[in-house]
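Student: From the sequence below, what's the structure:
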Amino acid sequence: MKRKPDSSDLTQAQFKRLEPFLPAAKPGGRPRSVDLCEILCAIMDVLQGGIAWRNLPHNFSAWQTVYSYFRRFEADGS
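Tutor: Next up, the predicted model:
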């Protein structure tokens, strides 16, 4: 099921500009099962909405998944 767009969502053009800065999937591992654009939209929702990670709307990936990507981006300086 496709989720309804949110005001904090990135456009495809914005995502394409950010994509080169995002880490590639780990070589030799399982294929990435999440859409990085959706992960970024979820992170933006938390940051712009001032909500707790655990209160991330259910139409996004699990909050733990989104938070782990946020921590990786933060650690990498992305």
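
Student: make it CA atoms for all contacts and neighbour counts henceforth
Tutor: Fine.

Student: which SS class is the closest residue to Tyr69 other than its chain neighbours?
Tutor: Once flanking residues are discounted, Tyr69 sits nearest to Ile39: 7.5 Å by Cα to Cα, 6 or more residues apart in numbering. Three-state call for Ile39 (DSSP: H, G, I helix; E, B strand; the rest coil): helix.

Student: Tell me which residues touch Ile39, please.
Tutor: By Cα atoms under 8 Å, 6 or more residues apart in numbering, Ile39 lies in contact with Phe60, Ser61, Val66, Tyr69.

Student: out of the residues you listed, which one sits closest to Gly29?
Tutor: Of all the contacts of Ile39, Tyr69 has the smallest distance to Gly29: 16.4 Å, by Cα to Cα.

Student: mind checking the SS state of the closest one?
Tutor: Criterion first, three-state DSSP; result for Tyr69: helix.

Student: Tell me how far it lies from Leu18.
Tutor: Distance from Tyr69 to Leu18, counting by Cα to Cα, to the nearest Å: 15 Å.

Student: Point out where the chain drops to low pLDDT.
Tutor: 1-2, 78 (pLDDT under 70).
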